[in-house]
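Chemist: based on what follows, work out the 3D shape:
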Amino acid sequence: MAIKRYYAEADNTITNAFDTVLSQRGTGSNAGANDVLETFSIYGQHTTSSTELSRILIKFPITGTTSIKSDRDASILPASGSVKFYLKMFNARHQEQLPENLILSVLPISRNWEEGTGIDLVNHSDKTKDTIPGSNWVNGTKGVAWARNGGDYISGSQNSAVVYTANFVTGSEDLEVDVTGLVEEWISST
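Modeler: Next up, the predicted model:
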């Protein structure tokens, strides 16, 4: 059995987390050029009921001259039903506290977004707002807001296979999710 890997064309971490002095949220921050993607939820850091979240955005080559669809059309990839697609991501080991018994949702984004060139997820200094290209918690592209803050992700569909979850017992596991249904949907709808 052969394995073909497709790598992300773009990725970003967007967040509504507070800055280091807990004075304002970093909703305009962008980490598109950061070397790691971070997902987190922080409860009760600013106030006893505050919630801080992040989302990871990843764009794969579905269409184009060197894409999943072009490989299917050229018979490089087997026909639908004869191949499996997996989203694989690897944990970047660190000294920070890890969440235990975490369930991570993996959902598709429903529209285009821009990667951006920010790197700072601590002070949230790399802002994209309305004048610099790049997605953030508020905008998907320069000057164009998401329909809902945090991204226009599809949380339900006629095809229930587009909603995936991954379970992390210790928090240090790598991610591997069978996303075959979603990729096949993308291929057939492009």
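Chemist: now the strands for this structure?
Modeler: Listed in chain order, the strands found in the chain under DSSP state E are 10-15, 41-43, 51-59, 86-89, 102-106, 139-141, 144-145, 164-168, 175-178.
Chemist: out of those, flag the one nearest A2.
Modeler: Evaluated over the strands of the chain, closeness to A2 peaks at strand 86-89, with 14.0 Å, by C-beta to C-beta. Placement of C-beta: from N, CA and C, glycine included.
Chemist: so which bits of that closest one are buried?
Modeler: Buried residues in strand 86-89, counted by 16 or more other C-beta atoms under 10 Å: L87, M89.
Chemist: and the contacts of it?
Modeler: L37, I58, V106, Y164, D174, L175, E176, V177, D178, V179, T180 (C-beta atoms under 8 Å, 6 or more residues apart in numbering).
Chemist: how near is the last one to T48?
Modeler: Relative to T48, T180 is positioned 42 Å away (criterion: C-beta to C-beta, to the nearest Å).
Chemist: quick one, which of those two is more surrounded?
Modeler: The neighbour count for T180 versus T48, taken as other C-beta atoms under 10 Å, is higher for T180 (15 against 7).
Chemist: residues contacting the more buried one?
Modeler: With C-beta under 8 Å, 6+ apart, T180 has these contacts: V83, K84, F85, Y86, A161.
Chemist: count the neighbours of the first one for me.
Modeler: Read that as V83. V83: 15 neighbours (other C-beta under 10 Å).
Chemist: thank you kindly, that will do.
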